[in-house]
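Chemist: need the 3D shape of this:
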Amino acid sequence: MTVDAFSSAVAMRKALSAGVVSPVDLLELHAQRIERHNPALNAIVIDGLAHAREAARSADITTPLGGLPMTIKDVMNVNGLPSTGGGAMPLDNIAQADARAVANLRAAGAVIMGKTNTPTFAADWQTTNELFGVTNNPWDFARTPGGSTGGGAAAVAAGLSPLELGSDIGGSIRIPAAFCGIYGHKPSEGIVPRSGGFASPYTNAATGLAVWGPLARDARDLELALDCLVGPDLGFEPAWRVDLPPARHERLADIRVAMLPLPDWLPIQREIADAMASLASDLARCGVSVREVNPEAWGDMQAIYRTYRSTMFAITSAGWSDERRAQELADADGNEDAFAVADKLGMAAGAGQYIAWFGERERYRETYRRFFQDVDLLICPAAPVLAFHHDERPWLARRLDIDGVAIDYLHICFFSGLATLCGQPSTAFPCGLSADGLPVGLQAIGPFLEDRTTIRFAELLAAERGGFQPPKGYH
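Modeler: This is a model prediction of the structure:
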């Protein structure tokens, strides 16, 4: 049994448990790759190797992650390392304790190598900030790895880290996973603790949508990490327990799949649409029950999307100063596009409106509960576009180029919002390469708290069609 930098985390753990490789040697393998490749990628921006070497020397290889190196997005606190929130705080802001999820990983034996780059406040679908600079996509340095877990996705895809802990409210796990050709899992809302992060130092039950979850090169690694991450948040320990149910099926042919028809109002890059069609055809040949779902079964999809955008902006703008809120609203003034109006409503919302949007969310959750009685998974793109070129213009000046058609930059989060608004689990998975050699990624949305079902689908699909492939120049 041998391992290299592109072995799965599961394979690395087996090698560690068997004594084929030591935690120190495995860490040094990754440290050498970081030294060689990270300067050009700028993926890992906070060096934790000194702490990691100490941890590797004393690692208990009998624990679930014993001796496995990994990285953490720079919005989670890691004891002894800077916590900047993508440059929103200075490098001398040293965390005095691990975030609860990080503590769970460390208790399971993970060796934390460092922290990965993210946009300021984790608030962009590109990864750049004034403190650390731009992170490049290992498939094409001229393009973004996505955001906001862009540094982590780039590190995992390039073989600098086998696992990453990221966060997601606007597709920030799934979009980088798709852009970098890896796997990413947005857990069901509430099952992974979020206290101890840059934006949420304490548990706040009134804050929804945002979750923390893993990115990896193999779907099995997502479940390995998720099993270690799931647990009570700060203050819930005396009584809070979770026992995620097993996957609904263990054979690909038994899974009932619904394909989301692509909306006529939102252009989709042709190669993503082709990947959807190819996947549906391949699944049918494998004996999978594949149906095309009528999206109007949920109601007006654009109305659902507006609710998501309003709620997301209400949450993400909650910590803004009065001056910043006024400036953001002034910058958006005059744009009467329905979705831009939804954003402005979110930024200006009071408590009553916020509660009303959560009431709408509950109605949509009930619709999902009914929907997943008849099907097991909903398949749709992770984003409407492939990895795009770095764009440092102001947000309102940016556009996404969809085969020559320019669309609103924020429409990148439409598909991710379908799972986020209602707290559904969703697994992003690679689905081949474009003609230009860029990764194409889709996502599988599943029933609430049935995270193992979406992850198992991605695992079974990889066995049938293949999964991650390393970017050129890194293997």
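Chemist: T63 - nearest residue in space that isn't next to it in sequence?
Modeler: Excluding the flanking residues, the one nearest T63 by CB to CB, 6 or more residues apart in numbering is G109, at 3.4 Å. Where C-beta positions appear, they are placed from N, C-alpha and C, glycine not excepted.
Chemist: which residues touch the one you found?
Modeler: With contacts defined as CB atoms under 8 Å, 6 or more residues apart in numbering, G109 is in contact with A59, D60, I61, T63, P64, L65, G66, G67, L68.
Chemist: give me the three-state assignment for T71.
Modeler: Applying DSSP: H, G, I helix; E, B strand; the rest coil to T71 yields a three-state assignment of strand.
Chemist: adjust the sequence numbering to begin at 181 for everything that follows.
Modeler: Taking 181 as the first residue, the last one we looked at is T251.
Chemist: contacting residues around the closest residue to it other than its chain neighbours?
Modeler: Nearest residue to T251, sequence neighbours excluded (CB to CB, 6+ apart): S341, at 4.2 Å. With contacts defined as CB under 8 Å, 6+ apart, S341 is in contact with H210, I224, P249, M250, T251, M293, T296, G332, A335.
Chemist: which one of the residues you listed has the most neighbours?
Modeler: G332 (39 neighbours; other CB atoms under 10 Å).
Chemist: confirm for me that it is in contact with K253.
Modeler: Yes - using CB atoms under 8 Å, G332 is in contact with K253, at 5.3 Å.
Chemist: between the two, what contacts are shared?
Modeler: T296, E344, L345, G346.
Chemist: need the max-distance pair from these.
Modeler: Farthest-apart pair in the shared contacts of G332 and K253 is T296 and L345; separation 9.2 Å (CB to CB).
Chemist: tell me, what's touching those two both at once?
Modeler: By CB under 8 Å, 6+ apart, T296 and L345 have these common neighbours: T251, I252, K253, G332.
Chemist: list the contacts for the first one?
Modeler: With contacts defined as CB under 8 Å, 6+ apart, the neighbours of T251 are 224, 292-296, 332, 335-336, 340-341, 343-345.
Chemist: tabulate the residues you listed (a markdown table), appending distance to A283 and pLDDT.
Modeler: A markdown table is the format used below for those (distance: CB to CB, whole Å; pLDDT from 0 to 100):
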| residue | distance to A283 | pLDDT |
| --- | --- | --- |
| I224 | 21 | 99 |
| I292 | 11 | 98 |
| M293 | 17 | 98 |
| G294 | 17 | 98 |
| K295 | 15 | 98 |
| T296 | 18 | 98 |
| G332 | 18 | 99 |
| A335 | 21 | 99 |
| V336 | 21 | 99 |
| L340 | 23 | 98 |
| S341 | 19 | 98 |
| L343 | 16 | 98 |
| E344 | 17 | 99 |
| L345 | 11 | 98 |
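Chemist: what about the residues you listed, which are in helices?
Modeler: Among these, DSSP state H puts G332, A335, V336 in helices.
Chemist: can you put these in JSON lines and add distance to T315?
Modeler: What follows is those, written out as JSON lines (distance: CB to CB, whole Å):
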{"residue": "G332", "distance to T315": "9"}
{"residue": "A335", "distance to T315": "9"}
{"residue": "V336", "distance to T315": "12"}
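Chemist: and the residues you listed, which is closest to Q649?
Modeler: Closest to Q649, out of all of those and judged by CB to CB, is V336, at 13.1 Å.
Chemist: quickly note the distance from that closest one to N222.
Modeler: 15 Å (CB to CB, to the nearest Å).
Chemist: now for the contacts of G289, which sits with the most neighbours around it?
Modeler: Counting by other CB under 10 Å, top hit in the contacts of G289: L248 with 29 neighbours.
Chemist: look at A385 and report its pLDDT.
Modeler: As predicted, A385 sits at a pLDDT of 62.
Chemist: more neighbours, V336 and N222?
Modeler: Neighbours around V336 and N222, counted as other CB under 10 Å, are more numerous at V336. The numbers are 35 against 21.
Chemist: phi, psi for the residue nearest to T243 please.
Modeler: phi 100, psi 0 (degrees, to the nearest 10).
Chemist: and L590, by the same measure?
Modeler: The phi/psi pair for L590 (degrees, to the nearest 10) is phi -70, psi -10.
Chemist: show me the contacts for it.
Modeler: So L590 contacts R489, F519, D523, W575 (CB under 8 Å, 6+ apart).
Chemist: the first one against G526, yeah?
Modeler: Yes - counting by CB under 8 Å, R489 does reach G526; the two are 6.6 Å apart.
Chemist: elements contacting the helix or strand of the chain with the lowest mean pLDDT?
Modeler: Ranked by mean pLDDT, DSSP states H and E, the helix or strand of the chain with the weakest confidence is helix 502-512, at a mean of 82. Using 3 or more CB pairs under 8 Å, 6 or more residues apart in numbering; DSSP states H and E, the elements in contact with helix 502-512 are helix 518-528.
Chemist: off-centre distance for the helix it packs on?
Modeler: 24 Å (CA atoms, centre = their mean, to the nearest Å).
Chemist: what element comes up after that helix heading to the C-terminus?
Modeler: helix 531-554 (DSSP states H and E).
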